[in-house]
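Asks: Below is the sequence, then the predicted model.
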Amino acid sequence: MSAVTLLVTYTAKPGCRQDFVSQVVHQGLLDAILQEDGCAAYDYYFSAQDENQLLLVETWESEAQQQAHTRHDNMARLRQLKDTYLQDTQIQWLREEDHAL
């Protein structure tokens, strides 16, 4: 079993970046996702150059656990927020075995 990290770049609708993250936290989604089986990290970062860009770095103990996350009720709730506040999503996968020293 090898860890997997996703770099998820979101482009928020104009002026909605902070609202999106605030809702994720306020609705308890961030804490709930961090409690999911295999979640090692799940954190948002704001771009200093683009006021509408947001980076999510999520790390899972295995790809199977990350895939289970996509089917979890938390993701359904998160999708509703994404529909409201975001306009674009790009995902980059980083697998542990791809970056072994």
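Replies: Arrived safely.
Asks: how near is Asp30 to Val24?
Replies: For the record, residue 30 is Leu, not Asp. The gap separating Leu30 from Val24 is 5 Å, by CB to CB, to the nearest Å. All C-beta atoms are positioned from the backbone trio N, CA, C, and that covers glycine.
Asks: Between those two, tell me which one has more neighbours.
Replies: Val24 (22 against 17; other CB atoms under 10 Å).
Asks: For the more buried one, give me its contacts.
Replies: 30, 44, 78, 81 (CB atoms under 8 Å, 6 or more residues apart in numbering).
Asks: Give the ChimeraX command for selecting the buried subset of those.
Replies: The ChimeraX command for the buried members of the contacts of Val24 (criterion: 16 or more other CB atoms under 10 Å) is given here:
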select :30,44,78,81
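Asks: can you redo the contacts of Val24 as CSV with distance to Ser2 and secondary structure?
Replies: Compiled in CSV, the contacts of Val24 are given as follows (distance: CB to CB, whole Å; DSSP: H, G, I helix; E, B strand; the rest coil):
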residue, distance to Ser2, secondary structure
Leu30, 25, helix
Tyr44, 24, strand
Leu78, 25, helix
Leu81, 30, helix
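Asks: any idea which of the contacts of Val24 is closest to Val8?
Replies: Lowest distance from Val8 to the contacts of Val24 (CB to CB) belongs to Tyr44, with 9.3 Å.
Asks: beta partners of that closest one?
Replies: Tyr44 has these beta-bridge partners by DSSP bridges: Leu56.
Asks: do you know how far the spatially most central residue of the chain is from Thr11?
Replies: The centroid of the chain falls nearest to Leu56 when counting by CA atoms, centre = their mean (4.4 Å). Distance, Leu56 to Thr11, using CB to CB: 12 Å.
Asks: And Glu63, by the same measure?
Replies: 26 Å.
Asks: and if you look at Ala64?
Replies: From Ala64 to Thr11 the distance is 29 Å (CB to CB).
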